[in-house]
Every structure is written in C-alpha cells, then in structure tokens.
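>>> Predicted model, plus sequence, below.
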Amino acid sequence: MKNKALFLDRDGVINKEKNYLFKISEFEFIDGVFDILRYFESIGYLLIIVTNQSGIGRGYYTVKDFLILSNWMLQQFKEEGINITKVYYSPFHPHFGINNYKKDSFCRKPGPGMLIKASSEFGVNLGDSIMVGDKESDIEAGLNAGVGTTVLVRSGNNIGDIRGTRANFILPSIKELKTVLTGRV
Ligand SMILES: O=P(O)(O)OC[C@@H](O)[C@H]1O[C@H](OP(=O)(O)O)[C@@H](O)[C@@H](O)[C@@H]1O
Ligand SMILES: [Mg+2]
Ligand SMILES: [Zn+2]
C-alpha cells in the first residue's frame, strides 16, 4: 500500500459540532480547516472523511438529507481548491438505531471499518496515515485500524476524553495540525 491518508472526523473537526447536524444552514466550517487540508493535500495526503451519522439510524434525518449536505460540503472544498477523496459514513447505532439501523456495526467508530474500507479502496498505508478526531471514539477507530498517528482536537464538549485519551497528540484546534509532522507539539 503506497498512499498516505489524513483521515478526518467531520462533526467537531471539519465543522462545528451541532448535535446531529444535517442542515446546510447550520453547517459552520471550523476556522483554518481549508488552509490545513490544502497543505496536507499538497504534501501528498489523501483527504478522507470518516463520520458516524447515527442521526440517520435514529430517524432524525434521512440518507438523502446527509448526501445533500455532504455534496454541498464537497463543493465548498472544491471551490477552495481542495479535493476530498471520499466521505465514508456509518448510519447505525447499537442501541438507538431504528429497525435495520439498530446494529453494532464494525464501521461505526470506534470500529475501524470505514478506515479499513478506505485503505483497500485507495491503497492507503494505514501506518503512514493520520487520524484526526474530536472524540475518543475517533481515536480508538484510528488505533483499531492501525493508523500510525492519532490526533485529538479540543472542542467544547470533549474535556472528559482529553484527560484519558490514547491519542498521540492533543491539539487546541486543527490549525496546529502541521506540528504533528515534526513530532514537536
Ligand atoms: O463526524 P462525527 O463526529 O463522527 O459525527 C458525530 C455525529 O454523528 C453525532 O455523533 C454523536 O452521536 P452518536 O453517539 O453517534 O449517536 C453525538 O456526539 C452527536 O452530538 C454528534 O452530532
Ligand atoms: Mg466528531
Ligand atoms: Zn465522531
């Protein structure tokens, strides 16, 4: 496997966490995210988003709602000269999923399924890749997939995670992500 990927959680890393966000009008990109993704793409990282979307399984919004928002988000990135290789999402929830969505899915973070799928689809060397998340479940997904570098970014609602995290790095925001490349954080 020859490619390296920057795996990105969505809510809380790409955009401000709004609890089951699905409306374009409520989507707010996090300050600095365009510059940092542009930089990582320029140094050869595939940009791959891996997001839990149990709001679908809970019946809060539909797959169509999610895809409309996702396509809008990808268009914004494109206008900023940024190519997102793919968005992987997991609509399931083990307890609160409705009907077929009630499932303990290998693809729902902390499961590694979405990252492993990306690795086989795009020839990604997981050991050379980076996982960035705002929750410990994101970090666990990276560790379970064998990702070489895991980064927890601070957000309003993850103080508990930060204390006990297994992440290699904790950053105040994604703006500081370049520092993990030198290892001097
Ligand atoms: O891109 P993310 O951060 O994987 O998306 C998280 C949201 O889908 C949703 O996740 C959590 O809900 P579940 O535990 O998956 O039901 C909550 O943290 C919500 O606040 C998030 O919006
Ligand atoms: Mg998140
Ligand atoms: Zn998450």
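That came through, no problem. Numbering: from 1, shown residues only. Ligands and ions are numbered 1, 2, ... in the order given.
>>> For the nearest residue to Lys175 once chain neighbours are set aside, give its distance to Ser137.
The shortest distance from Lys175 to any non-neighbouring residue, by C-beta to C-beta, 6 or more residues apart in numbering, is to Gly32 (3.7 Å). C-beta here means a position set from N, CA and C on the backbone, and glycine is covered the same way. Going from Gly32 to Ser137 by C-beta to C-beta, to the nearest Å gives 24 Å.
>>> just Ser54 next, same as before
Ser54 is 11 Å from Ser137, by C-beta to C-beta.
>>> got it, and Phe66?
For Phe66 relative to Ser137 (C-beta to C-beta), the value is 19 Å.
>>> Those two: which has the busier surroundings?
Phe66 (19 against 15; other C-beta atoms under 10 Å).
>>> List the contacts of that one.
Phe22, Gln53, Gly55, Ile56, Tyr89, Pro91 (C-beta atoms under 8 Å, 6 or more residues apart in numbering).
>>> number of nearby residues for the nearest residue to the fourth one once chain neighbours are set aside?
Pointing back at Ile56 there. In space, and not counting its chain neighbours, Ile56 is closest to Pro91: 3.6 Å by C-beta to C-beta, 6+ apart. Pro91 has 22 neighbouring residues, counting by other C-beta under 10 Å.
>>> One more: Thr182?
7.
>>> Do you know the pLDDT at it?
Thr182 carries a pLDDT value of 80.
>>> How about Cys107?
pLDDT at Cys107 comes out at 97.
>>> same thing with Asp161?
Asp161 carries a pLDDT value of 67.
>>> coming back round to it: please report the distance of the residue nearest to Lys175 from ligand 3.
The gap separating Gly32 from ligand 3 is 19 Å, by C-beta to the ion, to the nearest Å.
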